[in-house]
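*Asks:* with the sequence up front, the predicted model follows.
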Amino acid sequence: MKPQIIILVALLSLVCDVRAQDVNEDEADEGNDAHNVEASQNRLAAQFEAVLEHYKQKDPVGMPGANIPDPMDVPDMPKSLGVATLNMLKVKAYGLSKFRIASINADFKDMMVETGIQLDEMLVKGNYVLSSFFSKANGPFTVILKNVYVRGSATLMVESDGHLTTDQIKMDITFGDMAMDFQNLGFLGSVFQGLINSAPNMVFDAMKPFMLQEADKVLRIEINTNIEKLMGDRRLPNSITPLDSAIAMGRKLFRQNGWDPYHVADINRTMGVFSVQLSNTWISGTSSFYRVGNITAAMLNNTLSLRVQLGTQQITGAGQWEVGFGLMTRVGHVQFTVQHIRATIEISQPLDTRKRPQINDLQFDMGNIQVRCDGAGTLDYIMEFAVNVLPNLLRYQIMDAIENPAKQRIQEQFNTIDVELAVKQMIEKYKKEGKDFSFDFKL
């Protein structure tokens, strides 16, 4: 049971500790390692492509490449029935690979994932021995479970040495209806039927702990294996959550890419004899963003969604303005400060990549605004008063007024994105460059 969307970045990491005796052996080992890395990259890319094709179906069942035992062996289990003892032997559960992912909810702050998986039908087969003081029966049995629903949650933790690992896994299985067939019961049939009528979940309750224990073991190994492949020897700090550590890394990348300070493109507007120009404008503080709420991801109805709540510290900016009216021209400078900017954004993307992403929610909050102008003489004071007083009095109304137009503008940009083409290009680049690939995504 491994419902997950495959991450294409840095899943592969091969470490070779073999010390060769001569240069020829070293070259042979390096050649083998390179071949193994390339083969692994191609397998991962092929699996990701298979998942993309899988979710183009109207009703996707299962998951390509999911390592799910079907049938799954269930350990032998005894069950005391009071007047008799039921032993179920050589039990196998069928149909586990034909699942549907009903929901996934990921809380990045608490490093917890909750999953709901649905099975239309699960078939359990095996042999039984029913013993009492006065009789004994044995033979094959079949249990059919309808509308099976599996709820599970997994929590990760950072160990004292900085390694990320699985902390807790909780699971539960429920079903809508059940049918049973125990053959060769003979005289004990009426006794057994009476027990079933009084406790219809008795047989399922006997199997449930063993199935959950096996699923816990398989899941724990699977999750830790993928974490080890993804993280390698990388260690995380214990002082802050991995999410906040990733945001801190994002701030660093923001500055390295030259986005703080950010140069705003020059603006020129002409209306008849009146003209306005804003040039040489720089904005500082954009890399001071931090998490003001939670960051969550979810999957429901085969659609992925991401909700982000971020804010910045103080934003400052400065530029040069020029205003023309006929033959008269005034030139000056402007400086502004915004106390903070906070935003809540929720976007979604259907797993069918032929469809376009959507922006579902957009909310802004802005702190006090201060502006300093020079070059316009007395008008400087009028403009400063107009900008410093009115926007601060009406900033909530202003934020509400710009949210819907901003959403519309963002959705217009989303509508131009060919997600399927972008993902295919990313896969091809990963095949060529491996874990060190970078993808420059542009609208």
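*Replies:* Received, thanks. What you are looking at is a predicted structure, and each value in this text was computed from that prediction instead of being measured. Numbering: from 1, shown residues only.

*Asks:* which stretches of the protein have low pLDDT?
*Replies:* Scanning the chain for pLDDT under 70 picks out 1-41, 187-203, 375-395, 433-443.

*Asks:* let's see that with 50 instead.
*Replies:* Along the chain, the parts satisfying pLDDT under 50 run over 1-29, 441, 443.

*Asks:* the residue most central in space within the chain in helix, strand or coil?
*Replies:* For the chain, the residue sitting closest to the mean C-alpha position, by CA atoms, centre = their mean, is residue 297 at 5.1 Å. With DSSP: H, G, I helix; E, B strand; the rest coil as the basis, residue 297 sits in strand.

*Asks:* isn't it up against residue 305?
*Replies:* Yes - the criterion here is CB atoms under 8 Å, and residue 297 meets it with residue 305 at 6.8 Å. (Glycine included, C-beta is placed from N, CA and C.)

*Asks:* is residue 427 in contact with residue 48, as I believe?
*Replies:* Yes - counting by CB under 8 Å, residue 48 is a contact partner of residue 427 at 6.1 Å.

*Asks:* relative to residue 432, how far out is the closest residue to residue 354 other than its chain neighbours?
*Replies:* Excluding its sequence neighbours, the residue lying closest to residue 354 (CB to CB, 6 or more residues apart in numbering) is residue 420, at 5.5 Å. As for residue 420, its distance to residue 432 is 19 Å (criterion: CB to CB, to the nearest Å).

*Asks:* again with residue 172
*Replies:* 44 Å.

*Asks:* with residue 295 instead?
*Replies:* Here residue 295 is placed at a distance of 31 Å from residue 432 (CB to CB).

*Asks:* give me the more crowded residue out of those two.
*Replies:* More crowded of residue 295 and residue 432, by other CB atoms under 10 Å: residue 295, with 18 against 10.

*Asks:* in the helix or strand where residue 253 lies, what counts as buried?
*Replies:* In the assignment (DSSP states H and E), residue 253 maps to helix 242-256. Residues 242-244, 247, 254 are the ones in helix 242-256 that count as buried (16 or more other CB atoms under 10 Å).

*Asks:* how about stretch 292-304?
*Replies:* The neighbour-count check on stretch 292-304 (16+ other CB under 10 Å) flags 295-299, 304 as buried.

*Asks:* which residues does it contact?
*Replies:* Contacts made with stretch 292-304 from outside it, assessed by CB atoms under 8 Å, 6 or more residues apart in numbering, are listed as 5, 55, 60, 101-109, 243, 305-311, 342, 344, 348-352.

*Asks:* in its sheet, which strands sit next to the host helix or strand of residue 344, and in what direction?
*Replies:* If you go by DSSP H and E, residue 344 is part of strand 341-350. Strand pairing for strand 341-350, using DSSP bridges, gives strand 303-312 (antiparallel), strand 358-366 (antiparallel).

*Asks:* now do the same for residue 212: helix, strand or coil?
*Replies:* Following three-state DSSP, residue 212 is assigned to helix.

*Asks:* before we move on, what about the one 10 residues further on?
*Replies:* Classification of residue 222 using three-state DSSP returns helix.

*Asks:* most remote residue from this protein's center?
*Replies:* Farthest-out residue of the chain from its mean C-alpha position, per CA atoms, centre = their mean: residue 327, at 58.6 Å.

*Asks:* any idea how far residue 225 is from that residue?
*Replies:* 75 Å.

*Asks:* now residue 360
*Replies:* For residue 360, the distance to residue 225 equals 34 Å [CB to CB].

*Asks:* tell me which stretches of the stretch 251-400 of the chain form helices.
*Replies:* Taking DSSP state H, counting those that start in this stretch as the test, the helices found in the stretch 251-400 of the chain are 378-393, 395-414.

*Asks:* buried ones in the last one, by neighbour count?
*Replies:* Burial within helix 395-414, assessed by neighbour count using 16+ other CB under 10 Å, is assigned to 395, 398-399, 407, 410-411, 414.

*Asks:* now stretch 152-168: buried residues?
*Replies:* Within stretch 152-168, judged by 16+ other CB under 10 Å, the buried ones are 152, 154, 156, 158, 163-164, 166.

*Asks:* same question but for stretch 217-234, I mixed them up
*Replies:* So for stretch 217-234, counting by 16+ other CB under 10 Å, buried means 218-219, 222-223, 230-231.

*Asks:* and it, how far out from the chain's middle?
*Replies:* Put simply, stretch 217-234 sits 16 Å off its chain's centre (CA atoms, centre = their mean, to the nearest Å).

*Asks:* could you dump that stretch to PDB, C-alpha only?
*Replies:* Written as PDB, here are the backbone C-alpha positions of stretch 217-234 (Å, rounded to 0.1, in the frame of the first residue of the first chain):
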ATOM      1  CA  LYS A 217       5.700  -3.600   8.800                       C
ATOM      2  CA  VAL A 218       5.500  -3.300   5.000                       C
ATOM      3  CA  LEU A 219       4.700   0.500   5.100                       C
ATOM      4  CA  ARG A 220       7.400   1.300   7.600                       C
ATOM      5  CA  ILE A 221      10.100  -0.500   5.500                       C
ATOM      6  CA  GLU A 222       8.800   1.200   2.300                       C
ATOM      7  CA  ILE A 223       8.700   4.700   3.800                       C
ATOM      8  CA  ASN A 224      12.100   4.500   5.400                       C
ATOM      9  CA  THR A 225      13.600   3.000   2.200                       C
ATOM     10  CA  ASN A 226      12.300   5.900   0.100                       C
ATOM     11  CA  ILE A 227      13.400   8.500   2.700                       C
ATOM     12  CA  GLU A 228      16.900   7.000   2.700                       C
ATOM     13  CA  LYS A 229      17.000   7.100  -1.100                       C
ATOM     14  CA  LEU A 230      15.700  10.700  -1.200                       C
ATOM     15  CA  MET A 231      17.700  12.200   1.600                       C
ATOM     16  CA  GLY A 232      20.900  10.100   1.400                       C
ATOM     17  CA  ASP A 233      23.300  11.200   4.200                       C
ATOM     18  CA  ARG A 234      21.700  14.600   4.400                       C
END
